[in-house]
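Engineer: Predicted coordinates and the sequence they were generated for:
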Amino acid sequence: MFITTVLTGALRVLTRDGYLLFLTRFLRLFAYGSLSVVLVFYLVTLGLNESRTGLLLTLTLLGDTVISLYLTTRADRIGRRRMLIVGAILMAAAGLAFAVTRNLFFLIIAGTIGVISPSGNEVGPFLSIEQAALAHVVPDRSRTEVLAWYTLAGSLATALGALFAGLITNALQKTAMTPVATYRVVVILYAVIGVVLVCLFIGLSSAAEVRVPREESAAPQSIETFFGVGRSHRVVVKLSSLFALDSFAGGFVVQSFAAYWFYLRFGVNPATLGVIFFWANIFAGISALVASRLATRWGLVNTMVFSHLPSNILLILVPLMPNLKLAVLVLLIRFSISQMDVPARQSYIMAVVNKEERSAAAGITGVARTTGAAISPLFVGFMFARHSWINVPFLLAGALKIVYDLLLYKEFSAVQPPEER
């Protein structure tokens, strides 16, 4: 009853563009989720060792950072639809390149220039521009609720993608196909979905765009206005620094490496991993729905902090579990509360910056998150190459995330969005 009531309210305020953005989010996260389960297996099967794989993923995320920063900080001025189309083209191109070459140099080039998600989470310019467009076409009072369902759509898609990848590769490996060929099927699907996204973004209307005042567009360019955030630059810098710390911590346990950890520690096969991360992402998506109700009662910042702390403690406990069942149980419990902060965080950014700076603000904070997450896999690759160190990433991630929560509360507990004043 609760979910039906909230869903009805959320759908009532969605426009045609809103539904379209939900669909593109779903398809994109399905592609990300499917790729995340097999990507490390695929690269290792191609002949890359764990250290080179970690290096490749780091450079891939760093490349996504540069591309995202350029596209998102110009989206409000040049056009959100145009930047989304460019991002989808880069996603399709990267997937195709990964499917046709095993040369490390070309893989690095493709990963750096294109859009590849090793974590199952958002990369590239999409999330920042889409959430700015959604905030533009829905009322402020419905913003957090709509973003909660937007988060759920992504989590459900990631879960289905992870399940699909595990099942399809397991089924194909029972045929005459080689393991690398079965993984390549998922990589090709990733590229195809990129092409579909291009077609869908073309259908986005001008209602999702924002008009920048002429006097601002004609004003002399400072470093802040160059990046698309003039009046909001101070709060954006603070949030970006904190989000970078959080993502640096999360980068130690990106879904690709978490899946590979279960293989190294317990010998879990890709099919079982697909089922594990299917349910993990389902629970994560459902947890996002609770965020809108908690935010109404507690406030956005309190929801971000006090839902995130227990999740991080559980993350530390995962590698301390003595067997597979307990490790999976703790992981699933952790995922069941892990996404409560996401719609609250997205809504908070949209609330505390100017409307004409939303894409840029979301882009810069998103790039900060990607940058933080890009550095960690380099270290994880070296840790996974030494069996005695494979549990360390979970411990580091949990501890650093707790530090982030405490700093976020200290800096922003007194900065309230308009609807909470």
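Structural biologist: Structure received.
Engineer: what are the ranges of the helices in the stretch 301-421 of the chain?
Structural biologist: For the stretch 301-421 of the chain, applying DSSP state H, counting those that start in this stretch gives helices covering 324-338, 341-352, 358-384, 392-412.
Engineer: and residue 184, which of these is closest to it?
Structural biologist: Counting by Cβ to Cβ, residue 184 lies closest to helix 358-384 out of these; the figure is 21.6 Å. C-beta coordinates here come from the backbone N, C-alpha and C atoms, glycine included.
Engineer: Could you identify the longest helix within this structure?
Structural biologist: If you go by DSSP state H, the chain has its longest helix at helix 140-172.
Engineer: The closest residue to residue 142 other than its chain neighbours: neighbour count?
Structural biologist: Using Cβ to Cβ, 6 or more residues apart in numbering and skipping residues adjacent in sequence, the residue nearest residue 142 is residue 13, 4.6 Å away. By other Cβ atoms under 10 Å, 15 other residues sit near residue 13.
Engineer: and residue 138, what does it touch?
Structural biologist: 13, 14, 18, 146 (Cβ atoms under 8 Å, 6 or more residues apart in numbering).
Engineer: If you average pLDDT over each of the helices of the stretch 301-421 of the chain, which is lowest?
Structural biologist: Lowest mean pLDDT within the helices of the stretch 301-421 of the chain: helix 358-384, at a mean of 81.
Engineer: gap between that helix and the chain center?
Structural biologist: With Cα atoms, centre = their mean, to the nearest Å as the basis, helix 358-384 stands 10 Å off its chain's centre.
Engineer: Tell me the buried residues in it?
Structural biologist: For helix 358-384, a neighbour-count test (16 or more other Cβ atoms under 10 Å) marks 358-381, 383-384 as buried.
Engineer: Toward the C-terminus, what is the element adjacent to the helix or strand containing residue 71?
Structural biologist: Assigned by DSSP states H and E, residue 71 belongs to helix 50-78. Remark: after helix 50-78, the chain's next helix or strand is helix 80-100, criterion DSSP H and E.
Engineer: End to end on stretch 41-55, go ahead and measure it.
Structural biologist: This stretch, stretch 41-55, spans 15 Å end to end (Cα to Cα, to the nearest Å).
Engineer: just to revisit the earlier point, tell me the angle the helix holding residue 71 makes with helix 80-100.
Structural biologist: In terms of direction (axes from the mean of the first three to the mean of the last three Cα atoms, to 10 degrees), helix 50-78 departs from helix 80-100 by 160 degrees.
Engineer: and helix 50-78, what does it pack onto?
Structural biologist: Packing partners of helix 50-78 (3 or more Cβ pairs under 8 Å, 6 or more residues apart in numbering; DSSP states H and E): helix 16-46, helix 80-100, helix 104-113, helix 126-137, helix 358-384.
Engineer: Show me the shaky parts of the stretch 201-350 of the chain.
Structural biologist: Residue ranges of the stretch 201-350 of the chain with pLDDT under 70: 212-231.
Engineer: For it, just list every one of the strands.
Structural biologist: Secondary structure of the stretch 201-350 of the chain (DSSP state E, counting those that start in this stretch): no strands located.
Engineer: follow-up on the earlier one: switch the helices and strands packed on helix 50-78 over to a markdown table; also include distance to residue 348.
Structural biologist: Listed next are these as a markdown table, based on distance: least, Cβ to Cβ, whole Å:
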| stretch | distance to residue 348 |
| --- | --- |
| helix 16-46 | 19 |
| helix 80-100 | 20 |
| helix 104-113 | 31 |
| helix 126-137 | 11 |
| helix 358-384 | 10 |
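Engineer: on that earlier part again, tabulate the contacts of residue 138 (JSON lines), appending distance to residue 42 and pLDDT.
Structural biologist: Output for the contacts of residue 138, formatted as JSON lines (distance: Cβ to Cβ, whole Å; pLDDT from 0 to 100):
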{"residue": "13", "distance to residue 42": "41", "pLDDT": "73"}
{"residue": "14", "distance to residue 42": "37", "pLDDT": "82"}
{"residue": "18", "distance to residue 42": "35", "pLDDT": "89"}
{"residue": "146", "distance to residue 42": "35", "pLDDT": "87"}
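Engineer: between these, which has the most around it?
Structural biologist: Highest neighbour count within the contacts of residue 138, by other Cβ under 10 Å: residue 146, with 27 neighbours.
Engineer: List the contacts of that one.
Structural biologist: Residue 146 sits next to 10, 13, 14, 18, 134, 138 when contact means Cβ under 8 Å, 6+ apart.
Engineer: Residue 77: which of those is nearest?
Structural biologist: Ranked by distance to residue 77 (Cβ to Cβ), the contacts of residue 146 are led by residue 134 at 18.9 Å.
Engineer: Please verify my assumption that the closest one contacts residue 149.
Structural biologist: No: if you go by Cβ atoms under 8 Å, residue 134 and residue 149 don't touch, sitting 10.0 Å apart.
Engineer: one step back: quick one, which of the helices and strands packed on helix 50-78 is nearest to residue 301?
Structural biologist: Residue 301 sits nearest to helix 358-384 of all the helices and strands packed on helix 50-78, at 14.7 Å, using Cβ to Cβ.
Engineer: Please name every helix or strand in contact with the closest one.
Structural biologist: Looks like helix 358-384 contacts helix 50-78, helix 126-137, helix 233-250, helix 255-266, helix 341-352, helix 392-412 (3+ Cβ pairs under 8 Å, 6+ apart).
Engineer: Number of residues surrounding the closest residue in space to residue 27 that isn't next to it in sequence?
Structural biologist: Leaving aside its sequence neighbours, residue 27 sits nearest to residue 193 (Cβ to Cβ, 6+ apart; 5.5 Å). Neighbours of residue 193 under the rule other Cβ under 10 Å: 23.
Engineer: What is the burial count for the closest residue to residue 166 other than its chain neighbours?
Structural biologist: Nearest non-adjacent residue to residue 166, counting by Cβ to Cβ, 6+ apart: residue 274, 1.8 Å away. Number of residues near residue 274 (other Cβ under 10 Å) recorded here: 26.
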